[in-house]
Each structure stands twice: as structure tokens, then as C-alpha cells.
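Visitor: Give me a model of this one.
(chains A, B, C and D, ligands or ions: 4)
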Protein chains: 2
Amino acid sequence: MYTRAEENYLKCIFHLEQEHKGAVATNAIAQMMSTKASSATDMIQRLADKELVSYRRYKGTTLTKEGIAVAVAVIRKHRLWEVFLVEKLNFQWDEVHEIAEQLEHIQSEELITRLDKFLDHPDYDPHGDPIPDKDGNIKKTEKKVLSEMSKSQHGILVGVRETSGEFLQYLDKRNIAIGTKIKVLGKEFFDGSMIIQVKKEQFFISKKIAENLYIQV
Amino acid sequence: MYTRAEENYLKCIFHLEQEHKGAVATNAIAQMMSTKASSATDMIQRLADKELVSYRRYKGTTLTKEGIAVAVAVIRKHRLWEVFLVEKLNFQWDEVHEIAEQLEHIQSEELITRLDKFLDHPDYDPHGDPIPDKDGNIKKTEKKVLSEMSKSQHGILVGVRETSGEFLQYLDKRNIAIGTKIKVLGKEFFDGSMIIQVKKEQFFISKKIAENLYIQV
DNA sequence: AACTTATTTTAGATTAGACTAAAAATATAC
DNA sequence: GTATATTTTTAGTCTAATCTAAAATAAGTT
Ligand SMILES: [Mn+2]
Ligand SMILES: [Mn+2]
Ligand SMILES: [Mn+2]
Ligand SMILES: [Mn+2]
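Guide: Ligands and ions are numbered 1, 2, ... in the order given. From the prediction side, this is the model:
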């Protein structure tokens, strides 16, 4: 078994490795973990001792096979618990992340097996992120960022990048949710802002918003 | 917020104080926490600094008002989660304690409020122990230990003292569960053993077993 | 009352995980 | 290609929670 801190670092490194492909910088880890670079170095070296990451000083960090397995198992638990909170306890999708951050560390294989069954084996969490299966396989969905789409293209919202309360509430206010059909009516080259059609309504959205919406075309 | 260790010590002291009425010995705490007396002393002194217990060296420990509130809140969470595990995830009553020991430390008022509602505001956990309400009130049930009952008295099983897997499985094997009607057919003065009637069957039970069954007459 | 035993506390060490400040390595600029 | 800036690591300190060994207090016995 690994400690809470170890699990959190591994999850963090996993996400950073996904994003930028290749070794992860110590500063990036420290920043995502809201800690100092020296603390991150310390933990990275302990993880390397346990062969959960491979690490060469000044060169960055990557997860080993075992490190990936641990990270993915934690992500599976996090997302299953988020589904539970939204589907069974009627939380809003912007309220569940903090609680799932705690629940993801509960240690019990059997619990997760039963929770998965109780939830009827969901494929995606409330934010549209895929739930890894028991063996750590993650369903790869070909989605693109809304900001990369061009005028008159359309698709459905399948995920969000940001999961902060403010952002999710922004979407709620405009009735934009996972599964909502979105069409690009216009795009401004100067600042990347867009006019989009959502159901019967049209909205102006900034590039920053568009960059945080994943669309399946 | 208090640490996991602090919460566990407070819960432990609460239970010991219930049992023996009066200040709790350091050794008793150390034993229940599976740790050394010196470690217990150390934690007790920290809890005293935070005014969660009142403590006079060599004289023992009692919970303060705040200490009781924290302990009872943890017990409430523990028992609600046990109900969830048995009622919703179909665990057996002897399988839930370890997992609840972890879940009881999840920090979220809202989560517990919603869980309580989801479970339809249960009054008792799977072992027959009362679930404290939001304000920390615990329903007092007048129950007696089976070993203190005499020949030809009867009642229903409302709780168990021991919650080890072995003991609960022993009961399962004999179809004895919370709610089961039990009648004392005979009692041996020499060793306190009994013959009891459970439904259509009769069993011989030792004093040790009888001491761990709570009956409502 | 003095001796013996059991309980409890103190002293000192250890580990995980964090911090600050300083040193070392790498990257960027002229 | 040397100087400056940025990134990363090391060195040393801190706190929570644990331990062992030793000292202090309380309880029990003659
Ligand atoms: Mn989340
Ligand atoms: Mn999510
Ligand atoms: Mn329990
Ligand atoms: Mn219980």
C-alpha cells in the first residue's frame, strides 16, 4: 500500500505526462501539488527508490509501469465516486471533486468492485472523463477542443478540461452540459472568441472558455 | 479540523468512558489503540492542549464537551457508512467495519447529510448500534446483556458487543441476527453457559457468547 | 513503614512530509 | 563564449506520530 501523498504525486505526474508527452519537470509537479520544488524533489526521489517513477536529476520524471498502475487505480476510484455523488446523492457536478479527492484513497478492492456494480458500470464520470476499467484500460475517445473547430462545424460536448466550480457553474447557467449539441456560428481570428449555438440560444464565448470544452464531432 | 489520529483517539476514549464511567486509564487507551502507553500519553497531552480532553497526570482522561462532539460525529459517520455498505452494496455485516474505519474520516458535512437522506435516516447500524443524529444525540435503548437474563425470559436481539468477523460469522451460522427472538431455556450457574431457543432450534452457548449479545426484553 | 510491583510519564530517537536558504546545473542573452 | 537568469537539487530545520529505555508515581504486601 502507498501513502496518500504518494498516490497524489503519482496521479499528478500521470496527468502531466498525458498533457505534454515526455518527462515531467519538477517545477510542474510542485506547482500542480501546490508545494515547493524542494518538497517535490524529495518525494520524487522517494518514489524513484520504490521504482514507481524513473528519474534522472535535472532531466525530469516519468512513471514506471507500476507507477502508472497505481495512478490509474486512484483515478478509477476518483471518477467512480464522482458518479456516485452525482447519480445517487444528487450533488451538482461542480461540487464533487473535493470530496472525491478524499474518497479516492479508501483502500478496498471489494468496495470498488461493488460500487462499480451498484452504479451499473459507468463509462464516464460527471465531467465526461473516461473511467478506467479494473485492469487499468482507459477508453480513448477522439475528441477535439472547441477552440480548434471552425465556423459552421458542430458536435456534442463530451468533456470539460477545467473542473473548477466557477467554470462549471458558468456552463450550468447557460444550460451547457455533457451531451449538449454545440454549433460554431462564428469565430473571430483576432482573439479566438466564438459565437455558438446551444439549443435555441446563441452565446458569445471567449477563447479561454472554448479551450476548456471537449467536443466529439 | 482534526487529524485522523486525533479523531481515532477521541473515539476510543469515548467508548472507554461509556463502558467504565469515569476517567479513562492511559493503558486502556494504549491497548485499544494497539500502541504503547508512551505514545498514548503523548497524544493525550496534545489533545489536552487543544482542550478536547481534560487530563491530570497519573489520574486519567475524560472528554470535554468539544471532545465528545468530535467523537460522536465520527461515530455517526462510521455507522451511516456501515448501513450504506450493507444496505446498498450488499456487504455482510461482518465485512464492513474495516472499510467504515476509513470512511468515517471523510470531511464533508454535506456528504453526510445527503448520505443520511439517501439511506432514509436509519436509526441503527447493521450491528444494532444507534446512529447519533446531526446534533449528537444518541438514542438510549434499554437493553440487557443476554448473560444477565434468567431461565424462561425472552426478548429480541438488538445489538452485539463484539464485532469481529469470527463472532458475527458464528451468529450467521446459527441464523442469529438483529431482530431475532431469543428465549433462555436453561442456565448453568457453574459456568454461566446457557441453552437458548432460536426460532425452531435450540443451542448451547457459552457465557462468553452470552455476554456479547444485547437483548431487548 | 519499607519493599515490591504495576502503571504512567519523560527523554531521546526515528520517519514521512513539509519548509527556507543556499548551492549546483542548465538555459538564455549578449 | 562568458554573464545572467531560471530551474533543480541539497542541506538543514520543523511537526505529527510513533518507538524504546529509563525515571517517576501509585498501589499492594508484608
Ligand atoms: Mn474530480
Ligand atoms: Mn471528474
Ligand atoms: Mn464498526
Ligand atoms: Mn457498527
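Visitor: what about stretch A:207-214, average pLDDT?
Guide: Regarding stretch A:207-214, the rounded mean pLDDT is 93.
Visitor: Please tell me I have it right and residue A:149 contacts residue A:183.
Guide: No - using CB atoms under 8 Å, residue A:149 is not in contact with residue A:183, being 9.3 Å away. Heads up, the C-betas are built off the backbone N, CA and C, glycines and all.
Visitor: which one is residue A:27 nearest to, not counting chain neighbours?
Guide: Using CB to CB, 6 or more residues apart in numbering or on different chains and skipping the chain neighbours, the partner closest in space to residue A:27 is residue A:37 (5.6 Å).
Visitor: Now do the one you found: how many residues are near it, please.
Guide: 14 (other CB atoms under 10 Å in any protein chain shown).
Visitor: quick revisit: more neighbours, residue A:149 and residue A:183?
Guide: residue A:149 (21 against 15).
Visitor: Pull out the buried residues from stretch A:3-22.
Guide: A:6-14, A:16-17 (16 or more other CB atoms under 10 Å in any protein chain shown).
Visitor: Give me the next element, helix or strand, following the lengthiest helix in chain A.
Guide: Looking across chain A with DSSP state H, the single longest helix is helix A:65-87. Per DSSP states H and E, the first helix or strand lying C-terminal to helix A:65-87 is helix A:97-103.
Visitor: Next, the buried residues of that following helix.
Guide: For helix A:97-103, by 16+ other CB under 10 Å, it's A:97, A:99-100, A:102-103.
Visitor: can I have it written out in CSV, keeping just the CAs?
Guide: Provided in CSV are the C-alpha atoms of helix A:97-103 (Å, rounded to 0.1, in the frame of the first residue of the first chain):
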residue,chain,number,x,y,z
HIS,A,97,-14.3,17.0,-6.9
GLU,A,98,-13.1,17.9,-3.4
ILE,A,99,-15.0,15.0,-1.8
ALA,A,100,-13.7,12.6,-4.4
GLU,A,101,-10.2,13.7,-3.7
GLN,A,102,-10.7,12.2,-0.2
LEU,A,103,-12.7,9.1,-1.2
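Visitor: So what's the gap between that helix and the chain middle?
Guide: Between the centre of helix A:97-103 and the centre of its chain there are 13 Å (CA atoms, centre = their mean, to the nearest Å).
Visitor: Pull the residues that contact it.
Guide: Under the contact criterion CB atoms under 8 Å, 6 or more residues apart in numbering or on different chains, helix A:97-103 has outside partners A:77-79, A:81-82, A:85, A:91, A:163, B:106-108, B:111.
Visitor: For residue A:5, list the residues it contacts.
Guide: residue A:43.
Visitor: check which helix or strand covers it.
Guide: Using DSSP H and E, residue A:5 falls in helix A:4-20.
Visitor: quick one: that helix near DNA strand C?
Guide: Yes - for helix A:4-20, a contact with DNA strand C is found by CB under 7 Å from any atom of the strand, at A:4-6.
Visitor: where along chain A do the helices fall?
Guide: Counting by DSSP H, the helices of chain A are A:4-20, A:26-32, A:37-49, A:65-87, A:97-103, A:109-118, A:165-173, A:207-210.
Visitor: for those, which one ends up most surrounded?
Guide: helix A:65-87 (a mean of 21; mean count of other CB atoms under 10 Å in any protein chain shown).
Visitor: returning to that earlier point: now, which of the contacts of helix A:97-103 sits nearest residue B:187?
Guide: residue B:106 (44.9 Å; CB to CB).
Visitor: For the closest one, give me its contacts.
Guide: Per CB under 8 Å, 6+ apart, neighbours of residue B:106: A:99, A:102-103, B:77.
Visitor: From residue B:4, how far off is it?
Guide: 11 Å (CB to CB, to the nearest Å).
Visitor: can you tell me how far residue A:152 sits from ligand 4?
Guide: Distance of residue A:152 to ligand 4, given as CB to the ion, to the nearest Å: 61 Å.
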